[in-house]
Structures are given as C-alpha cells and as structure tokens.
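Colleague: After the sequence you'll find the predicted model.
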Amino acid sequence: MAEVILMPRLSDTMTEGVIAAWHKNVGDTVKKGDLLAEIETDKATMELESYQAGVLLHIGTPAGGKLQVNDLLAILGKAGEDISGLIANPTGTAAPAKKETPALAPAAPPAASKPIAAIDPASMEEVVLMPRLSDTMTEGVIAGWHKNVGDAVKKGEVLADIETDKATMELESYKDGILLYQGAKAGEKIAVNDLLCIIGKEGLDIASIIAAVGNTANQPAVAAPPAAVQTAAAPQTTAAAVQSAPAVVNEGRILASPLAKKVAAEKGIDLKYVQGSGDNGRIIKSDIEQYTPQPAAGSNVASTAVATAAIPAATAVTVAQGVVSYDEVPVSQMRKTIARRLSESLFTAPHFYLTMSIDMDAAVAARVKLNETSKVKISFNDLVLKAVAVSLKQHPKVNSSWLGDKIRFNHHVNIGVAVAVEEGLLVPVVRFADSLSLSQIAVQVKEFAQKAKDKKLQPSDWEGSTFTISNLGMFGIDQFTAIINPPDACILAVGGISQEPVVKNGQIVVGNVMKVTLSCDHRVVDGATGAAFLQTLKSLLEEPLRMMI
C-alpha cells in the first residue's frame with residue numbers, strides 16, 4: 001500500500017519548507033535510510049531520509065518549490081500502484097498511516113509487528129514521533145511535559161519541552177484531541193523518530209498503535225532489583241542508611257530562579273532535592289534558605305568504631321572518619337555533542353599552536369575614548385573580534401574549512417564566539433563581522449550571550465562559522481590552547497590583559513600585555529601562514545585606528 005509523506009516540521013518555528021534539492025526522482029527505488037531530499041527551513045537546510053522502502057511514485061513540488069508543513073511532500077509505494085486518490089486527498093481518512101507529525105516519517109515496523117496501515121484510519125489517531133530539532137540531534141530528553149495523559153490538547157498548544165544537544169525547545173501539537181499516551185517520563189530519553197506520544201479520541205485502543213510502531217525505546221525497561229533485595233545480607237546499619245537518603249522531588253528540567261541557583265551553588269545544595277514554592281513548583285531563594293539537608297547515615301562509622309576498639313590503648317591511632325559520597329549526573333545532550341565533536345577534531349585534525357604577546361596599551365586607551373561616545377559598552381573582546389575579522393580578509397587561508405577531499409576558502413567572514421553556559425559551551429556566529437562596526441559587534445555578542453544563557457539560541461545562530469574565538473581572559477586566564485571547532489581551520493585562544501614589565505625606548509616600564517594562541521589545522525594552514533595572520537592581528541591591536549579604516 002502506498003505511503004504518504006507530508007512536509008515535516010524541522011524547526012520549532014517552521015511553517016513551510018523549500019525543496020533545495022531532490023536526491024531521488026519519480027520512478028527511483030528508495031531504500032530505508034536513503035536521502036530523499038534537502039529541505040530549506042527558516043533555520044537551516046536539512047536532509048530528509050526515507051523511513052521505508054519502495055518506489056518514489058510522486059513528489060509534491062519540484063526543486064525550488066515551497067510547501068507548507070503537513071502538505072503532501074511525496075508518495076512511496078509499489079511500481080504501477082494507483083495513487084490518484086492519495087494525491088487528491090493526501091490527509092483524508094482513506095490515506096494510510098497519516099504522517100501529521102513534527103518529525104520525519106516513522107521507521108518501518110519490524111516484520112513481526114502489526115503494520116501501522118492496519119490500524120483503523122477512522123479512529124483519527126495521531127502518532128507523534130520524536131522530531132529532529134537540530135542538525136546533529138540523534139535523541140532528545142523530555143525536559144518536562146506541559147500536558148498529562150487525559151488532558152485535552154488543542155492545535156498550537158505546547159505539549160512538551162525537548163532538550164536537544166543544542167538547546168531546550170518547545171514542541172507544539174498539530175491537531176486537537178486527547179493526550180492518550182506518553183512515550184517517556186520527564187528526564188527520560190527518546191531517539192529521533194521513536195514514539196513520543198499519541199493524541200486521539202477518548203476510548204481509542206492505544207495498545208495496538210504502540211505495538212504497531214514497535215519502538216524499542218517504548219518497551220518497558222527491566223526493573224533493577226530493589227535495594228532491600230540487593231542488600232539483604234548487609235548489616236542493619238546499611239539498610240538504615242538507604243532509608244535515610246534524601247528524597248528526589250525534581251526530575252528532568254528543574255525550574256529555579258537565577259538567584260536560587262546561585263545561592264544553591266554557594267551552599268552546595270542539589271536542586272533536585274528542594275521543593276519549590278513558586279509558580280509551577282519554581283524554586284526561589286527562600287526555598288534554598290529554608291532547606292535543611294537530611295543527614296546521611298554512615299554505616300562505616302560503626303565498623304570503624306569496632307576496629308578502633310580492637311586496638312590496644314598503647315598503640316591506638318587517630319583514624320579519620322567520614323562517609324564516601326558522590327553524585328552521578330546523566331550526560332546531557334549538549335555535553336555528548338561537545339565530547340563527540342571535540343574528540344573528532346583533536347584526534348582527526350593535526351593541531352599545532354602559535355603563541356604571540358601583544359602590547360595592548362593603545363587598545364586600552366582607545367577603548368576608554370570609544371566608550372565615552374558609544375551607546376553600547378565596547379569590550380576588549382569586541383576589539384579582538386573586529387581585529388580578527390579584518391585580519392582574516394588579508395589572510396584567506398586562515399579563513400578556510402577542511403572538507404575531506406577539498407579545501408574551502410571562504411570569502412565571507414563569520415566568526416564564532418564561544419559562550420560558556422551551565423551545561424557546556426555554545427558557539428553563536430557573528431556573520432559578516434568584517435563589515436560591522438564595533439558597536440554593532442558589541443550588540444550582537446551581548447545578545448548571543450544572553451540567548452545562550454536563556455537557552456533561546458536557534459540552529460541559525462550557531463551554524464556557518466569560518467573562524468572561532470575563545471576568550472577566557474575575563475576569568476583570569478593568562479594563556480591557554482583551544483581545540484579547533486570543525487570544519488573551521490583555526491581557533492584563537494585569547495588570554496587576559498596583565499600588567500608586566502616591558503622595554504620601551506630602552507627603558508623598563510609597566511605595559512599592558514595580552515597573549516593569544518592560534519590553534520591551526522596543519523592539513524589546511526602552515527606555520528608561516530598562521531604566523532603572518534598573527535602579525536597582522538598584532539599590528540591592528542597595537543594601532544587600533546588602522547582597523548577603523
């Protein structure tokens with residue numbers, strides 16, 4: 001039976017998509033996992049894979065054409081199959097297995113499972129799969145549900161917050177109905193295109209739908225043996241310690257005010273044990289101040305006391321007492337991606353490093369004068385970014401990308417600025433930085449930093465860099481080396497400005513010195529090329545007026 005594929009919603013704000021290219025033509029055989037098309041959204045151009053095998057019988061629009069979300073994109077089936085009814089009414093009740101989901105088409109069920117098409121289409125069920133909300137996302141974590149099973153859902157209402165490897169994003173419903181099933185609880189993971197939830201009419205038999213989708217992620221996990229069984233042979237003091245462990249009251253995404261987070265960090269309090277009194281259980285400062293941690297029972301104390309008593313008084317020694325404790329936190333999606341990408345970069349790209357000291361006296365004086373007239377405060381990082389942008393135009397080999405079988409020399413200058421957030425590191429991109437004024441750069445960097453901390457960055461904000469800057473000077477770091485952000489060929493590590501004795505005109509005076517280290521991919525950039533770039537950067541920062549021309 002022919003399968004209808006509708007235009008998926010590939011970003012949280014997407015309403016329509018443009019077909020950038022078709023990778024299959026009508027009549028071609030398509031296998032599961034084959035690339036069907038490239039779809040340009042409002043955020044990025046993303047690849048659409050086929051999740052079933054068959055022959056491509058129809059395409060909704062040629063390359064360059066535009067389709068609304070849930071419009072007919074393609075039909076897969078058997079060669080010669082009559083699809084005229086599906087073309088005329090792709091979302092009607094006669095269509096098999098509707099794909100009105102915010103994800104790509106679902107994976108074909110195992111042979112032993114009941115096919116989705118066998119479910120009665122008159123029941124109007126809605127199978128919502130985990131959407132692919134970023135270009136590197138393979139799984140998502142349910143940060144929180146906005147609807148519970150049994151709640152009425154209207155089109156456009158937020159169903160859940162999904163934590164991806166980039167940010168936490170809201171997932172909206174695309175039909176009216178009752179939330180009948182949730183594929184995971186808050187804090188649990190679901191792979192892309194696994195069953196997220198089911199929306200339909202009250203009384204719908206959801207068991208057959210779950211069996212038809214057949215996602216391994218939705219199979220009940222094997223419960224671990226209870227602690228009481230595992231420790232049946234342990235002393236009674238151990239059981240008491242287990243019973244006295246503090247209860248977890250917050251799972252998944254924890255809502256807390258910034259001040260509450262700060263106070264909790266200072267006091268060493270884990271927010272998952274704190275009950276919030278604010279709106280929607282939000283933790284506020286007073287909750288932290290009133291929280292009293294439960295004392296951890298130490299079974300080792302009794303055994304230590306026994307051992308000490310056995311030592312004769314003449315030979316007794318002082319034995320340190322304490323309880324071994326630690327927290328194990330699941331790796332976030334963001335941290336997984338950081339680990340994977342930087343490991344690939346460090347162990348794939350042959351790095352070498354060039355360090356240079358720069359006299360910042362003139363830059364310090366220039367910044368004071370600039371901030372006297374600028375409407376936005378200009379930082380030293382803004383001055384460095386502007387100098388880097390101008391230097392990259394003069395050294396295009398540094399502004400390049402390694403693409404495996406070819407090197408791309410970029411004519412545009414898009415500079416990624418590493419921003420530290422609680423969960424890791426994000427790199428929003430200042431586009432066409434060479435054409436921006438210092439004030440414009442300052443505004444963009446401040447906006448990106450705030451959006452990163454608020455988890456509001458979108459894929460379009462962090463994609464497309466040609467060079468990256470990582471600045472730890474504000475943390476008191478004098479000098480460090482950074483790992484290249486692929487596919488960029490270089491990254492500049494910027495240290496702080498420190499006052500040091502320097503020789504000027506034959507005299508030892510106090511000068512403002514900043515050290516920078518350029519990490520280079522030796523497949524693209526040679527030592528002399530990197531050194532020439534740093535010389536240009538040094539000359540611009542030591543004479544800032546030159547970069548204003």
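Modeller: Structure received.
Colleague: where does the stretch 201-350 of the chain have low pLDDT?
Modeller: Within the stretch 201-350 of the chain, the stretches with pLDDT under 70 are 214-246, 252-253, 258, 279, 294-317.
Colleague: try it again with 50
Modeller: Where the stretch 201-350 of the chain drops to pLDDT under 50, the residues are 216-243, 297-311, 313-314.
Colleague: Next: the chain.
Modeller: Applying pLDDT under 50 to the chain flags residues 93-124, 216-243, 297-311, 313-314.
Colleague: so where do the helices sit in it?
Modeller: 84-88, 206-213, 227-230, 236-243, 258-267, 285-290, 299-309, 333-348, 361-373, 380-394, 438-453, 459-462, 527-542 (DSSP state H).
Colleague: Tell me which of these sits most buried.
Modeller: helix 380-394 (a mean of 22; mean count of other CB atoms under 10 Å). (Glycine included, C-beta is placed from N, CA and C.)
Colleague: That one versus helix 361-373: what angle between them?
Modeller: 110 degrees (axes from the mean of the first three to the mean of the last three CA atoms, to 10 degrees).
Colleague: Pull the residues that contact helix 380-394.
Modeller: Helix 380-394 is contacted from outside by 360, 363, 366-367, 398-399, 413, 415, 417, 430, 433-434, 436, 438, 441-442, 445, 466-467, 469, 471, 473-474, 492, 494, 497, 514, 516, 533, 536-537, 540-541, 544, 547, using CB atoms under 8 Å, 6 or more residues apart in numbering.
Colleague: Next, format the helices of the chain as JSON lines and append distance to Glu126.
Modeller: Formatted as JSON lines, the helices of the chain follow (distance: least, CB to CB, whole Å):
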{"stretch": "helix 84-88", "distance to Glu126": "19"}
{"stretch": "helix 206-213", "distance to Glu126": "10"}
{"stretch": "helix 227-230", "distance to Glu126": "40"}
{"stretch": "helix 236-243", "distance to Glu126": "43"}
{"stretch": "helix 258-267", "distance to Glu126": "37"}
{"stretch": "helix 285-290", "distance to Glu126": "38"}
{"stretch": "helix 299-309", "distance to Glu126": "51"}
{"stretch": "helix 333-348", "distance to Glu126": "25"}
{"stretch": "helix 361-373", "distance to Glu126": "55"}
{"stretch": "helix 380-394", "distance to Glu126": "47"}
{"stretch": "helix 438-453", "distance to Glu126": "32"}
{"stretch": "helix 459-462", "distance to Glu126": "26"}
{"stretch": "helix 527-542", "distance to Glu126": "55"}
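Colleague: Ok, which of those helices comes nearest Pro8?
Modeller: helix 459-462 (14.8 Å; CB to CB).
Colleague: other SSEs contacting the closest one?
Modeller: Helices and strands in packing contact with helix 459-462 are not found; criterion 3 or more CB pairs under 8 Å, 6 or more residues apart in numbering; DSSP states H and E.
Colleague: CA atoms of that helix as CSV?
Modeller: C-alpha atoms of helix 459-462 as CSV (Å, rounded to 0.1, in the frame of the first residue of the first chain):
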residue,chain,number,x,y,z
PRO,A,459,20.2,26.5,14.8
SER,A,460,20.6,29.5,12.5
ASP,A,461,22.6,31.2,15.4
TRP,A,462,25.3,28.7,15.7
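Colleague: Skip the chain neighbours and tell me the closest residue to Asp461.
Modeller: Closest residue to Asp461 apart from its sequence neighbours, by CB to CB, 6 or more residues apart in numbering: Pro428 at 4.7 Å.
Colleague: right, and that neighbour touches Lys453 too?
Modeller: No: judged on CB atoms under 8 Å, Pro428 makes no contact with Lys453 at a distance of 11.3 Å.
Colleague: Which neighbours do these two have in common?
Modeller: Any residue near both Pro428 and Lys453 by CB under 8 Å, 6+ apart counts here, and that gives Val419.
Colleague: hmm, back to that, distance-wise, check the residue nearest to Asp461 relative to Val421.
Modeller: Counting by CB to CB, to the nearest Å, the separation of Pro428 from Val421 is 11 Å.
Colleague: Looking at those two, which has the bigger crowd around it?
Modeller: Neighbours were counted for Pro428 and for Val421 using other CB atoms under 10 Å; Pro428 has more, 24 against 15.
Colleague: and for Pro428 and Val421, which residues touch both?
Modeller: Joint contacts of Pro428 and Val421 (CB under 8 Å, 6+ apart) are Ala452.
Colleague: Quick check: phi and psi on Asn148?
Modeller: When read as degrees, to the nearest 10, the backbone of Asn148 gives phi -100, psi 160.
Colleague: I'd guessed it sits against Leu179; true?
Modeller: Yes: in this structure, Asn148 is within contact of Leu179 by CB under 8 Å, at 6.9 Å.
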